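Trainee: Just need the structure, nothing else, for what follows:
(one chain, ligands or ions: 2)
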Amino acid sequence: MHRSGSRPQLDLSKAAIQGNFEVKDPTILLPNQSDDISHLALDIGGSLIKLVYFSRHEDQSIDDKRKKTIKERLGISNGNRRSYPILGGRLHFVKFETTKISECLDFIHSKQLHRGGGGAYKFADLFKERLGVSLDKEDEMDCLVAGANFLLKAIRHEAFTHMEGQKEFVQIDTNDLFPYLLVNIGSGVSMIKVDGDGKFERVSGTNVGGGTYWGLGRLLTKCKSFDELLELSQRGDNGTIDMLVGDIYGGMDYSKIGLSASTIASSFGKTISDKKELADYRPEDISLSLLRMISYNIGQISYLNALRFGLKRIFFGGFFIRGHAYTMDTISFAVQFWSKGEAQAMFLRHEGFLGALGAFMSYEKHGLDDLMVHQLVERFPMGAPYTGGRIHGPPLGDLNEKASEARVCLLLLEMPLPLSNTVYIANYLN
Ligand SMILES: Nc1ncnc2c1ncn2[C@@H]1O[C@H](COP(=O)(O)OP(=O)(O)OP(=O)(O)O)[C@@H](O)[C@H]1O
Ligand SMILES: CC(C)(CO)[C@@H](O)C(=O)NCCC(=O)O
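Mentor: Residues are numbered from 1 along each chain as shown. Ligands and ions are numbered 1, 2, ... in the order given. Have a look, this model is predicted:
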């Protein structure tokens, strides 16, 4: 696994979100076409800024032994052909809180990621002033779909299910990928029916999303960071907040309509009957009830939309998920329960980077691409062995990872010549 000295050491964990930028569309920065520049794409969301950049020069340091190892692991044989050069480089994935755009700009500046370009954008002045670059705007939905399609086709262990604490990676048949429902849970939620590359329709959405959990949770618990709120939920008991079927039916199931006594009849419903104030409730319980309410609701609405269009597979992305087991289990449960096991919820390892990755890929569209894929042949599992499932892969981000630490994923890019296949290899730096 490659280590990078570029891992940012910004401490964002101490920063509470205090405002909201209105600009949400992914953008790309157009580079000069000199050799050693890093391509950079940004997705400036309501809560988080996602950044994907390519550093080519680092890969040129790959030594022959490593090249050989990569090829062996990928099963690439040179046969009679000459060894092809590895043009390669790395794709880096980093995120910042949107309210901390200044730190993001510092980061871009410190890495010298900024280069010239054209276009206009709402953050244009800030970028122009601080970095001397112009931004080109890309459509957010286009980018989300391009990012998701790319990941699902290119990264073998990108998608996984999560049910009752069990993670299982899903092998995607790239010839049988479409149609599917993409549910991106950011600040708000977009539901997109994807029929192919660039073929999609945003069929629904809900304003009850990640921003709702983080915003309401912050007000109700005084938590200072999203991860702190999520961590609290792990020690919560939602039974003190939620009204259960058993609370209404004298401790009994309502079996005639298939509801057990422990089913939540009304999220937060118990707080109306008590003569209690907010301070009388445990923040842990509030956080869990809120998380469950929002996750379940999104799972249910997603399934109803999948049902509308006869879709069996639903992929969930967006940073609300945060690789958090309870969130994924709740979404999966809702999908399974309402579909009677017919539909399946799947999650993506690069959950929150779809838009930024899609924006990055639009370099191809702008004719600036010399990196992009023509055909993907093989990938091997990312990073360190993941021990909790049947298929090995890297650990997903967990709560031990500080909110402050930008999550960095490296993706090595190998470009065999002449016109042949392009290979992506990804590594997490956890
Ligand atoms: N460190 C964090 N700080 C703030 N929110 C976080 C953090 N980690 C995860 N989240 C969750 O992720 C959500 C944002 O997800 P994401 O970055 O995918 O969307 P966005 O692009 O900001 O939103 P939108 O697309 O709706 O504009 C937040 O609303 C919150 O629920
Ligand atoms: C407005 C966007 C697309 C911005 O990312 C997102 O926050 C969202 O899908 N919100 C939900 C809006 C709705 O459909 O009700």
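Trainee: doesn't residue 143 fall inside a helix?
Mentor: Yes: under DSSP: H, G, I helix; E, B strand; the rest coil, residue 143 sits within a helix.
Trainee: For it, list the residues it contacts.
Mentor: 26, 43, 354-359, 361-362 (CB atoms under 8 Å, 6 or more residues apart in numbering). For every residue, glycine as well, the C-beta is placed using N, CA and C.
Trainee: Report the two of the residues you listed separated the most.
Mentor: Taking CB to CB as the measure, the contacts of residue 143 span a maximum distance of 13.1 Å, between 354 and 362.
Trainee: of those two, who's got more company?
Mentor: Set residue 354 next to residue 362 and count neighbours by other CB atoms under 10 Å: residue 354 wins out with 29 against 22.
Trainee: what about that one, distance to residue 265?
Mentor: 35 Å (CB to CB, to the nearest Å).
Trainee: what's the average pLDDT for stretch 307-321?
Mentor: Average pLDDT, stretch 307-321: 97.
Trainee: Are it and ligand 1 in contact anywhere?
Mentor: Yes: Stretch 307-321 is in contact with ligand 1 by CB under 6 Å from any ligand atom, via 318-320.
Trainee: Over to stretch 91-108?
Mentor: Yes: for stretch 91-108, a contact with ligand 1 is found by CB under 6 Å from any ligand atom, at residue 97.
Trainee: That stretch spans what distance, first to last residue?
Mentor: Distance between the two ends of stretch 91-108: 14 Å, counting by CA to CA, to the nearest Å.
Trainee: burial measure for residue 244, as a count.
Mentor: Other residues within reach of residue 244 by the criterion other CB under 10 Å amount to 20.
Trainee: Any chance of the backbone angles for residue 48?
Mentor: As for residue 48, its main-chain torsions (degrees, to the nearest 10) stand at phi -130, psi 150.
Trainee: And the residue of the stretch 51-200 of the chain closest to ligand 2?
Mentor: residue 188 (2.2 Å; CB to the nearest ligand atom).
Trainee: Quickly find the element holding the nearest residue to residue 96 once chain neighbours are set aside.
Mentor: Distances taken as CB to CB, 6 or more residues apart in numbering place residue 104 nearest to residue 96, at 4.2 Å, with adjacent residues excluded. In this assignment (DSSP states H and E), residue 104 forms part of helix 101-110.
Trainee: Which neighbouring elements make contact with that helix?
Mentor: strand 48-55, strand 90-97, helix 124-131 (3 or more CB pairs under 8 Å, 6 or more residues apart in numbering; DSSP states H and E).
Trainee: Pull out the buried positions in whichever helix or strand residue 287 is part of.
Mentor: Secondary-structure element containing residue 287, defined by DSSP H and E: helix 283-309. By 16 or more other CB atoms under 10 Å, the buried positions in helix 283-309 come out as 283-303, 305-306.
Trainee: Output the contacting helices and strands for it.
Mentor: Here helix 283-309 touches strand 180-185, strand 189-196, strand 199-206, helix 210-221, helix 226-233, strand 313-317, helix 325-339, going by 3+ CB pairs under 8 Å, 6+ apart.
Trainee: Tabulate those (JSON lines), appending mean neighbour count.
Mentor: Output for the helices and strands packed on helix 283-309, formatted as JSON lines (neighbours: other CB atoms under 10 Å):
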{"stretch": "strand 180-185", "mean neighbour count": "28"}
{"stretch": "strand 189-196", "mean neighbour count": "20"}
{"stretch": "strand 199-206", "mean neighbour count": "16"}
{"stretch": "helix 210-221", "mean neighbour count": "20"}
{"stretch": "helix 226-233", "mean neighbour count": "21"}
{"stretch": "strand 313-317", "mean neighbour count": "25"}
{"stretch": "helix 325-339", "mean neighbour count": "21"}
